[in-house]
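Visitor: Predicted model and sequence below, questions to follow.
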Amino acid sequence: MKIVVIGGTGLIGTNVVRLLTERGHDAVAAAPSTGVDTYTGQGLTQAVSGADVVVDVSNSPTLDDAAADFFRTATTNLLRAEADAGVGLHVALSVVGTAELATQSGYFAAKLAQEQLIADGPLPYTIVHATQFFEFVDTLADSATVDGAVRMPPAYFQPMAAVDVAEGVARAALEAPAGGIVEIGGPNAVLLPDLIRTALTARGDTRPVIADPDAQYWGVDLGERTLLPGPRAMLSITRFEDWLLRTAATR
């Protein structure tokens, strides 16, 4: 099959392209750097021509209210081009907890609107909801640092390695359309402050990590289980501690 991966040069996209190629498919990375821009429409018609499946793992260049324009425009352009080309399946990557977070966050409201555009659109589809990535733990710690200390809400999350996210997306591209949301997550639920503390300790980072009930997660208030996938989620096997050891060895 020809499978076009929008955002195919990024962290998740490169792994999706690799996994699909290893399974014998014609996986094509599409991104502005390859001449394909879903926001402007540049190169889009040519990119999806002859495609059986289109996978969208692209993201907004900003994480604020401006994301609404990006997701609305890019997704509308992409779905139109896919319909014209006779694409059989649209797969999109989104985030566990999007609906709950959308009430407080312009970015997640934009993601929810994107999901609705896909659901209302003309193509069979699967939306993959993933939990947070191990690779973003350092960024998360930096975003929550106040006066030299990392303050995180005592909420649970169930993060996973980027390569496992890509595996879930690649699997969705090869299966029948779900016509809704499928969830993927890491092997274990853990409190945010505990995992952040483990990560910083492993890196030799001496910042204290404080479990603060008043702290926010990317500017939003979290319920204790907002970031956890449901009981039917497909769980990966890569443990955070193993991932830390592997990434430390490659540095």
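Guide: In hand now; what should we look at? From a predicted model like this one, the values you see are computed outputs, not experimental measurements. Numbering: from 1, shown residues only.

Visitor: And for Val54, nearest residue in space, chain neighbours not counted?
Guide: Among residues not flanking Val54 along the chain, Val4 sits closest, at 4.9 Å (Cβ to Cβ, 6 or more residues apart in numbering). For every residue, glycine as well, the C-beta is placed using N, CA and C.

Visitor: and if you look at Phe70?
Guide: Ser60 (4.2 Å).

Visitor: Likewise for Ala166?
Guide: Nearest to Ala166 is Asn15, by Cβ to Cβ, 6+ apart, at 3.4 Å.

Visitor: How far away from the center of its chain is the host helix or strand of that neighbour?
Guide: Secondary structure assignment for Asn15, by DSSP states H and E: helix 11-22. Centre-to-centre, helix 11-22 and its host chain are 14 Å apart (Cα atoms, centre = their mean, to the nearest Å).

Visitor: Show me which positions of it end up buried.
Guide: 11-20 (16 or more other Cβ atoms under 10 Å).

Visitor: Check stretch 199-219 too.
Guide: Here stretch 199-219 shows 199-200, 203, 207, 209-212, 215, 217 as buried, counting by 16+ other Cβ under 10 Å.

Visitor: Which one of the buried residues of helix 11-22 is nearest to Gln116?
Guide: Ile12 (22.0 Å; Cβ to Cβ).

Visitor: The closest one and Asp164 touch, don't they?
Guide: No - here Ile12 lies out of contact with Asp164, judged by Cβ atoms under 8 Å, at a distance of 10.2 Å.

Visitor: Need the pLDDT of the nearest residue to Leu244 once chain neighbours are set aside.
Guide: Residue nearest to Leu244 in three dimensions, not counting chain neighbours: Ala202, with 4.9 Å by Cβ to Cβ, 6+ apart. As predicted, Ala202 sits at a pLDDT of 91.

Visitor: what do you get for Trp218?
Guide: 89.

Visitor: Verify the contact between it and Asp142 for me.
Guide: No - counting by Cβ under 8 Å, Trp218 does not reach Asp142; the two are 11.7 Å apart.

Visitor: Wasn't the residue nearest to Val54 part of a strand?
Guide: Yes - checked against DSSP: H, G, I helix; E, B strand; the rest coil, Val4 lies within a strand.

Visitor: hey, what's it bridged with?
Guide: In this entry, Val4 is beta-bridged to Val28, Val54, by DSSP bridges.

Visitor: Touching, it and Val55? I think so.
Guide: Yes - assessed by Cβ under 8 Å, Val4 is found in contact with Val55 at 7.1 Å.

Visitor: Looking only at neighbour counts, state which of these two leads.
Guide: Val55 (31 against 28; other Cβ atoms under 10 Å).

Visitor: follow-up on the earlier one: how close does the residue nearest to Leu244 get to Ser33?
Guide: Counting by Cβ to Cβ, to the nearest Å, the gap from Ala202 to Ser33 is 32 Å.

Visitor: Moving C-terminal from the longest helix seen in the chain, which element do we reach first?
Guide: Across the chain, the longest stretch assigned as helix under DSSP state H is helix 67-85. Sequence order places strand 89-95 as the next helix or strand after helix 67-85, per DSSP H and E.
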